[in-house]
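A.B. asks: below are the sequence and a predicted model for it; my questions follow.
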Amino acid sequence: MTNFKLTISDIKGKSITKELKDSDANPLLGLQLGNETDATIVGLTGKLKLTGGSDKSGVPMRNDIHGAARNQVLLSKGVGLQDAEIGQRKRKLMRGNTISEEIYQVNCRFDGELPVEAPVENTEEKSEDKKE
């Protein structure tokens, strides 16, 4: 039972979030960061490039760590390290670059422009509020 929250950003900077469950999420399992996949899994036409993600406890994925396991890595800069002074290194918990069942959020970049969705108004809820 795999569930992913897929955050998709386009070339203009707009982003949307889609949730993939079970059989819809299976095509992403085993892919690595930097790989491209077909965007039809989220209802778009084009390609999605995987750029990052995090697991269920918030540990970020890092492109230069192979596999899907969590590792304590000595970092001097880059993803997962903030407020590091010059010459300072810290050991941080990071996850590898392969998408597994433990991953919760997957970030990706869409090669086109995302469609603009019109705001959906619930007329049923408004009419029920007026009746009361």
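C.D. replies: Great, that's in hand.

A.B. asks: so which residue is smack in the middle of the chain?
C.D. replies: With the centre of the chain defined as its mean C-alpha position, the nearest residue by CA atoms, centre = their mean is V106, 2.0 Å away.

A.B. asks: ok, that residue - contacts?
C.D. replies: When contacts are counted by CB atoms under 8 Å, 6 or more residues apart in numbering, V106 is found next to 4-7, 28, 50, 52-53, 99. C-beta here means a position set from N, CA and C on the backbone, and glycine is covered the same way.

A.B. asks: in terms of distance to E85, which of these ranks first?
C.D. replies: Nearest to E85, judged by CB to CB, of these is G52 at 24.3 Å.

A.B. asks: what about the helices in the chain?
C.D. replies: Secondary structure of the chain (DSSP state H): helices at 123-131.

A.B. asks: not counting sequence-adjacent ones, nearest residue to the residue nearest to the centre of the chain?
C.D. replies: Of all residues beyond its chain neighbours, the one nearest V106 is G53 (4.3 Å), with distances taken as CB to CB, 6 or more residues apart in numbering.
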